[in-house]
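Enquirer: attaching a predicted model along with its sequence, questions to come.
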Amino acid sequence: MITKLGFRNIFRNKRRSIITCLIMGLGLAALIFADAFLRGLNENMITSVTSSFIGDGQLHRKNFLKTRESEKTVENSEQTLSELKRNPLIKLAVPRTIASGMISSPTDVLPIALYGITPDEEKISSIKDTVTLGNYLSSSVPDQIMIGEKLAKFLGSTVGDKVVITTAQAKTGVLSQEMFRIVGIFKMKNKEMDSSMAFINIAKAQELMGIQNDFHEIVFKFESKQSIINPPQYFLNSFSQGDNEALSWKKLVPAIDAGIQLTSYSLYIGSFILFAIIALSTMNTLFMSLYERMYEFGIMKAIGTRPSFIIKLIVIEAAALAFVSSIFGTLVGGGITLITKMTGINHLTDVEYLGTTIKTAIRPLPSTHQYIIYPLAIFIFAIISSIYPALSAGRINPSKSMRRD
């Protein structure tokens, strides 16, 4: 009976109850969508980073990324690469060489980062898809080179033109020079990469640097999505033996990982503020209802109704408001999330954020916890906020409340 009374009482003042339910429900809907959007944004950023160039992780000789010394090749290069390829967690692993050098054209001379890649195996990144002019590298033609769009403009060169690469050989420091023909121009939508990077065949790069069959970097891709989002530390530790060091994308691009954590904290802060507003709104509604029903509660106390009954009644009314609001908010939030997941949010495409470029539409990711934890939190906050009004109603003095009316 008390539950039936509680649900019936929320409709005694329909306008106020509807406004309160709208506040709570729309707040819940906003929270569900915000959570799904941030999850989609985070996954989009991770995908943009790992699919563009750096992969899900990399293996180098220790301190190579700091010094970029040509002689610091991966320890036991071929054996380590073979072990990585055989590991069940790994989907793909490819070697690269990296060297600092100079590129010269008839009009200019500029410093570059020269990467040696295996064109047929470089499926781990989107280098091939970024070619905007000309063609991708061919494994059978050793004197081909690909350069960034901005670098091509600085050099005043285009596809078919010849450029000269100068780099130092490992250990000896003797300068090596070789002429290459530009076969393709790429655009990775990253200022630094488009203006200072070039790609050649790995065999030619090894010859230029005098490192035989060794290489400086192994880029790998995990088999499962879960391993990409949270790279297994035991795997990284197992390949960080001797003088080698395996690093996940979180260590290679710490700004992205920090940005993802920051979005989580911002969601927590926003949730707390939203729940506080909901609690105050619920408390205000209950106090207004209590004030209007002072005479009613006075009569109930006068005929012997226990204070505990009145307290339970107020709490149930708050629970009824939260229940209706949760259903409304879940339906609205779920609907918006589902629609935007299908259509995608394209307004942030090509926007550079934390050093990476958002390349595809953001699609909010629904999760079970959004439809369980958040409505439950609304319910709990509503009940907690009803305790004070309920206790006030339980302490009503019958004679004063009836005289006031």
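Expert: That came in fine, so what should we check first? Residues are numbered from 1 along each chain as shown.

Enquirer: report the buried residues of stretch 110-118.
Expert: 110, 112, 114-118 (16 or more other Cβ atoms under 10 Å). In this view, the C-beta of every residue, glycine as well, is placed from N, C-alpha and C.

Enquirer: which of those residues fall within strands?
Expert: In strands, judged by DSSP state E, the following of these are found: 110, 112, 114-117.

Enquirer: redo the residues you listed as CSV? Include pLDDT and distance to residue 344.
Expert: Shown next, in CSV, are those (pLDDT from 0 to 100; distance: Cβ to Cβ, whole Å):
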residue, pLDDT, distance to residue 344
110, 92, 38
112, 91, 36
114, 92, 37
115, 93, 32
116, 92, 37
117, 90, 31
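
Enquirer: which among those gets closest to residue 78?
Expert: residue 116 (15.2 Å; Cβ to Cβ).

Enquirer: tell me the contacts of the residue nearest to residue 108 when sequence neighbours are not counted?
Expert: Closest residue in space to residue 108, ignoring its immediate chain neighbours: residue 155 at 5.3 Å, by Cβ to Cβ, 6 or more residues apart in numbering. For residue 155, the contacting residues are 103, 105, 107-108, 110, 147, 163, by Cβ atoms under 8 Å, 6 or more residues apart in numbering.

Enquirer: do residue 142 as well
Expert: Applying Cβ under 8 Å, 6+ apart, the residues near residue 142 are 201, 203-204.

Enquirer: tell me the SS of it?
Expert: coil (DSSP: H, G, I helix; E, B strand; the rest coil).

Enquirer: which phi and psi does it have?
Expert: phi -70, psi -20 (degrees, to the nearest 10).

Enquirer: and it, how far is that from residue 18?
Expert: 75 Å (Cβ to Cβ, to the nearest Å).

Enquirer: now residue 377
Expert: With Cβ to Cβ as the criterion, residue 377 and residue 18 are 22 Å apart.

Enquirer: ditto for residue 111
Expert: Counting by Cβ to Cβ, the gap from residue 111 to residue 18 is 67 Å.

Enquirer: can you show me the strands along the chain?
Expert: Going by DSSP E, the chain shows strands at 57-61, 90-104, 109-117, 131-134, 144-148, 162-168, 175-186, 197-201, 217-222, 244-248, 352-353, 356-357.

Enquirer: make CSV from those and add distance to residue 391 to it.
Expert: Formatted as CSV, the strands of the chain follow (distance: least, Cβ to Cβ, whole Å):
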stretch, distance to residue 391
strand 57-61, 57
strand 90-104, 60
strand 109-117, 69
strand 131-134, 70
strand 144-148, 69
strand 162-168, 79
strand 175-186, 69
strand 197-201, 68
strand 217-222, 55
strand 244-248, 53
strand 352-353, 49
strand 356-357, 53
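
Enquirer: just name the most buried of those strands.
Expert: strand 144-148 (a mean of 25; mean count of other Cβ atoms under 10 Å).

Enquirer: relative to that one, what are the paired strands and their orientations?
Expert: strand 175-186 (parallel), strand 197-201 (antiparallel) (DSSP bridges).

Enquirer: with neighbour numbers in mind, choose between residue 377 and residue 18.
Expert: Ranked by neighbour count (other Cβ atoms under 10 Å), residue 377 and residue 18 place residue 377 first, with 18 against 14.

Enquirer: residues contacting the closest residue to the more buried one other than its chain neighbours?
Expert: Using Cβ to Cβ, 6+ apart and skipping the chain neighbours, the partner closest in space to residue 377 is residue 275 (6.3 Å). Each residue near residue 275 by Cβ under 8 Å, 6+ apart is listed here: 377-378, 381.

Enquirer: swap in 10 Å and give it another go.
Expert: 24, 27-28, 31, 374, 377-378, 380-382, 384-385 (Cβ atoms under 10 Å, 6 or more residues apart in numbering).

Enquirer: how far away is residue 108 from residue 102?
Expert: From residue 108 to residue 102 the distance is 10 Å (Cβ to Cβ).

Enquirer: thanks a lot, catch you later.
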